[in-house]
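J.: With the input below, show me the fold.
(one chain, ligands or ions: 2)
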Amino acid sequence: MPKVLISDKLSPAAVQIFKDRGIEADVKTGLAPDELKAIIGQYDGLAIRSNTKVTADILAAAGNLKVVGRAGIGVDNVDVPAATARGVVVMNTPFGNSVTTAEHAIAMMFALARDIPQANASTHAGKWEKSKFMGVELTGKTLGIIGCGNIGAIVADRALGLRMKVVAYDPFLSAERAKDLTIEKVDLDTLFARADFITLHTPLTEATKNIISADAIAKMKKGVRIINCARGGLLVEEDLKAAIESGQVAGAALDVFKAEPAKENILFGNEHVVCTPHLGASTSEAQENVALQVAEQMADYLLTGAVVNALNMPSVSAEDAPKLRPYMKLAGQLGSFAGQLTENALKAVSIEYVGVVAGLNTKPLTAIILEGLLKPMVETVNMVNAPVIAKDRNIDVSETKNAREGDYHTLIRVTVTTEVRSRSVAGTLFGGDKPRVVEIKGIPIEAELGEHVLYVTNQDKPGFIGALGSLLGQHGVNIATFHLGRAEAGGDAILLTQVDQPLTDVILEEVRALPQVVQAKALSF
Ligand SMILES: NC(=O)c1ccc[n+]([C@@H]2O[C@H](COP(=O)([O-])OP(=O)(O)OC[C@H]3O[C@@H](n4cnc5c(N)ncnc54)[C@H](O)[C@@H]3O)[C@@H](O)[C@H]2O)c1
Ligand SMILES: O=C(O)CC[C@@H](O)C(=O)O
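T.: Residues are numbered from 1 along each chain as shown. Ligands and ions are numbered 1, 2, ... in the order given. Next up, the predicted model:
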């Protein structure tokens, strides 16, 4: 039974889902890094929000871990490259809290426009400072949205409902999408020049880090108000403080901070700054949504192999997962076959999907082929990191699909090009789920692969099969299956035979010494 650790506060609905799906779930929140490190090795899955830091160090201790599920959007608390390198799938729930977070940004904009938190505190204190708090209307004002994805687009919609003008800066926002949203797409300087309110909704990346700095603030309208419900590192807190003090910025509403939990911050205590403790996603509806989603996604992956919303692996639907399973085995064997025969630097891999398989989601199959192919060269390769490793090594990976059936109703062909030669291997499924190699280097053959396989290329001349049989027999090696193929009579031939014992170097040398043999290798699948 798979075991999952929930290490941040999640709705109890998540535990129930794990239980209902037959997964043991432990809830242990507030663990120090060393405490998490000490126990993480027992778990197949880790469900988190933003408190748990899934560092390379934690991942190194997570020998059984297969999936990290983030109940929420941002995964900046997870070392995704380290997870990828270890074959751990990282998934999030990209839509479950978008409405809630967008509503928080709008609430923060109102709070800023009308000094609601300050007026609230003053009134509770019995001060009745009616003349102190003079707000601004939102109607007719321009809202500048930086990052117009899921949350930014909802903020835009709500702001339009408030009769604001909306301009957005997002290099990845298409003109069509901007038109659909009835907002104006602008460059960043135009947004700075025109916006009365600016709200941030990008992820924290190298490009967005410190996007609101002293330089940026200098380009803004005097009296601008800034809202950040995305990530703390998007703005330079020192520069914002200076700009509020100089009056260039009238106020800021911050849900997120450079260092969290933010127990102290240079902006705390400033009367023009409204703060919440990273509450953007904190509504019962959003927390229920993300907890249910993350538990379902993690359970699907652990129990069926279905992958949804992963950041480091192609998606596989629950419907596709059982259809892909037999192909996964075939794809792994073909990749491994090609990899075990590769002796020179890889330049390109081309994968053809022909017939029935061409109609399936082939991305995971390609990932498995690459894993098998790279395994002899990169010990740590897995299905999750294989495409990244191939890319890093400048291996050109291409896929073609042809739904028209050829000699086989379904076929995968892998052609590997090295600095020296190209070599191909193709396979199909017999009876719907039994992988068979049906072509090697263009030569037809029908072979099953197993733990100990002898692969021989030879000249098709009399006497070879008898000699090989006797040689193996003399060494006490039992032949389990025996498959032959040849290009033409007397031409290039191939032999694939499964044996019951490992083939030693001595045996292989003797096989290579047979007069008809060109190449002999022991393969393992
Ligand atoms: N405060 C909270 O509790 C809370 C809750 C949910 C999400 N968030 C954060 O909100 C952010 C946005 O979430 P989302 O679901 O809308 O993400 P999203 O991926 O749907 O949207 C992000 C948008 O940012 C844009 N973008 C990327 N690089 C950019 C750049 N250099 N300049 C301008 N735009 C750029 C992308 O094109 C995309 O449209 C994330 O950082 C997420 O972690 C915070
Ligand atoms: O889990 C939370 O409370 C914060 C979530 C939010 O930052 C996110 O990126 O989804």
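J.: Next, count neighbours for the closest residue to ligand 2 within the stretch 401-525 of the chain.
T.: Using Cβ to the nearest ligand atom, the single residue of the stretch 401-525 of the chain nearest to ligand 2 is residue 401, 35.6 Å away. Every residue, glycine included, has its C-beta placed from N, CA and C. Residue 401: 14 surrounding residues under other Cβ atoms under 10 Å.
J.: Surely it forms part of a strand?
T.: Yes: counting by DSSP: H, G, I helix; E, B strand; the rest coil, residue 401 falls inside a strand.
J.: residues from this structure in reach of ligand 2?
T.: Contact residues (Cβ under 6 Å from any ligand atom) of the chain with ligand 2: 49, 50, 72, 73, 74, 97, 278, 280, 281, 282.
J.: Look up how far ligand 1 lies from the first one.
T.: Using Cβ to the nearest ligand atom, to the nearest Å, one obtains 9 Å as the distance from residue 49 to ligand 1.
J.: How about the contacts made by the closest residue to that residue other than its chain neighbours?
T.: Nearest-residue entry for residue 49: residue 8, 3.8 Å, with adjacent residues in sequence omitted and distances by Cβ to Cβ, 6 or more residues apart in numbering. Contact analysis of residue 8 by Cβ atoms under 8 Å, 6 or more residues apart in numbering lists 29, 47, 48, 49, 50, 51, 52, 71.
J.: which SS class is residue 8?
T.: Assignment for residue 8 (three-state DSSP): coil.
J.: Check the gap between it and residue 233 for me.
T.: Residue 8 sits 20 Å away from residue 233, going by Cβ to Cβ, to the nearest Å.
J.: tell me the domain ranges of this structure?
T.: Domain ranges of the chain: 3-93+285-304, 98-275, 316-441, 448-525, per automatic domain parsing.
J.: And the one helix or strand residue 397 maps to, what does it pack against?
T.: Following DSSP states H and E, the helix or strand that holds residue 397 is strand 396-402. Counting contacts by 3 or more Cβ pairs under 8 Å, 6 or more residues apart in numbering; DSSP states H and E, strand 396-402 packs against strand 346-355, helix 363-374, helix 386-392.
J.: for the record, mean pLDDT for it?
T.: Computed over strand 396-402, the mean pLDDT rounds to 97.
J.: Quick check: next helix or strand after it?
T.: strand 410-418.
J.: Could you give the separation of that following strand from the chain centroid?
T.: Taking Cα atoms, centre = their mean, to the nearest Å, one finds the center of strand 410-418 at 25 Å from the center of the full chain.
J.: Can you spell out which helices and strands pack onto it?
T.: Using 3+ Cβ pairs under 8 Å, 6+ apart, strand 410-418 is in contact with helix 320-341, strand 346-355, helix 363-374, strand 422-430.
J.: rerun that using 6 Å as the cut-off
T.: helix 320-341, strand 346-355, strand 422-430 (3 or more Cβ pairs under 6 Å, 6 or more residues apart in numbering; DSSP states H and E).
J.: Where do the strands of the stretch 101-250 of the chain begin and end?
T.: Taking DSSP state E, counting those that start in this stretch as the criterion, the stretch 101-250 of the chain carries its strands at 142-146, 165-169, 184-185, 197-200, 224-228, 249-254.
J.: what's the second one in contact with?
T.: Which is strand 165-169. Contacts with strand 165-169, where a contact means Cβ atoms under 6 Å, 6 or more residues apart in numbering, come from 142-146, 148, 156, 159-160, 183-186, 188, 191, 194.
J.: Nearest to residue 354, out of those residues: which one, please.
T.: Nearest to residue 354 among the contacts of strand 165-169, counting by Cβ to Cβ, is residue 148 at 41.4 Å.
J.: follow-up on the earlier one: nearest to ligand 1, out of the helices and strands packed on strand 410-418?
T.: It is, among the helices and strands packed on strand 410-418 and with distance given as Cβ to the nearest ligand atom, helix 320-341, at 24.3 Å.
J.: what's in contact with the closest one?
T.: 304-306, 357, 361, 365, 368-369, 372-373, 375-376, 412, 414, 416, 425, 427, 429, 433, 435, 449, 523, 525.
J.: Serialize the residues of the chain next to ligand 2 to JSON lines and add fields for secondary structure and neighbour count.
T.: Below are the residues of the chain next to ligand 2 laid out as JSON lines (DSSP: H, G, I helix; E, B strand; the rest coil; neighbours: other Cβ atoms under 10 Å):
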{"residue": "49", "secondary structure": "coil", "neighbour count": "23"}
{"residue": "50", "secondary structure": "coil", "neighbour count": "20"}
{"residue": "72", "secondary structure": "coil", "neighbour count": "26"}
{"residue": "73", "secondary structure": "coil", "neighbour count": "24"}
{"residue": "74", "secondary structure": "coil", "neighbour count": "17"}
{"residue": "97", "secondary structure": "coil", "neighbour count": "25"}
{"residue": "278", "secondary structure": "coil", "neighbour count": "21"}
{"residue": "280", "secondary structure": "coil", "neighbour count": "26"}
{"residue": "281", "secondary structure": "coil", "neighbour count": "24"}
{"residue": "282", "secondary structure": "coil", "neighbour count": "16"}
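J.: Next, count neighbours for the residue of the chain found nearest ligand 1.
T.: Closest to ligand 1 within the chain is residue 149: 1.9 Å, counting by Cβ to the nearest ligand atom. If you count neighbours by other Cβ under 10 Å, residue 149 ends up with 17.
J.: any idea how far it is from residue 142?
T.: On the measure of Cβ to Cβ, residue 149 and residue 142 end up 20 Å apart.
J.: circling back to that earlier point, any idea which of the helices and strands packed on strand 410-418 has the lowest pLDDT on average?
T.: helix 320-341 (a mean of 93).
J.: Quick check: buried residues in that one?
T.: 320-321, 323-324, 326-341 (16 or more other Cβ atoms under 10 Å).
J.: Same question for stretch 23-36.
T.: Those would be 23, 25, 31, 36, for stretch 23-36 by 16+ other Cβ under 10 Å.
J.: Tell me the gap between that stretch and the middle of its chain.
T.: 23 Å.
J.: Export it to CSV, keeping only CA atoms.
T.: Taking C-alpha atoms only, stretch 23-36 is exported to CSV below (Å, rounded to 0.1, in the frame of the first residue of the first chain):
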residue,chain,number,x,y,z
ILE,A,23,-3.4,4.9,0.5
GLU,A,24,-2.0,5.4,4.0
ALA,A,25,-1.8,9.1,4.8
ASP,A,26,0.2,10.5,7.8
VAL,A,27,-0.4,14.1,8.8
LYS,A,28,2.7,15.7,10.4
THR,A,29,2.8,19.5,10.1
GLY,A,30,5.4,21.9,11.3
LEU,A,31,8.4,19.5,10.9
ALA,A,32,11.8,21.0,11.1
PRO,A,33,14.0,20.2,8.0
ASP,A,34,15.9,17.6,10.0
GLU,A,35,12.7,15.9,11.2
LEU,A,36,11.3,15.8,7.7
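J.: circling back: so which of the buried residues of stretch 23-36 are in strands?
T.: residue 25 (DSSP state E).
J.: With respect to residue 291, which of the buried residues of stretch 23-36 is nearest?
T.: Comparing the buried residues of stretch 23-36 against residue 291 with Cβ to Cβ places residue 25 closest, at 11.4 Å.
J.: Not counting sequence-adjacent ones, nearest residue to that closest one?
T.: Nearest residue to residue 25, sequence neighbours excluded (Cβ to Cβ, 6+ apart): residue 18, at 3.8 Å.
J.: Just give me the neighbour total for that neighbour.
T.: 24.
J.: Residue 287 now?
T.: Neighbour tally, residue 287, other Cβ under 10 Å: 22.
J.: which residues touch it?
T.: residue 11.
J.: Phi first, then psi, for it.
T.: The phi/psi pair for residue 287 (degrees, to the nearest 10) reads phi -70, psi -30.
J.: Same list, the domains of the chain, but as JSON lines with distance to residue 310 please.
T.: Shown next, in JSON lines, are the domains of the chain (distance: least, Cβ to Cβ, whole Å):
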{"stretch": "domain 3-93+285-304", "distance to residue 310": "5"}
{"stretch": "domain 98-275", "distance to residue 310": "16"}
{"stretch": "domain 316-441", "distance to residue 310": "8"}
{"stretch": "domain 448-525", "distance to residue 310": "27"}
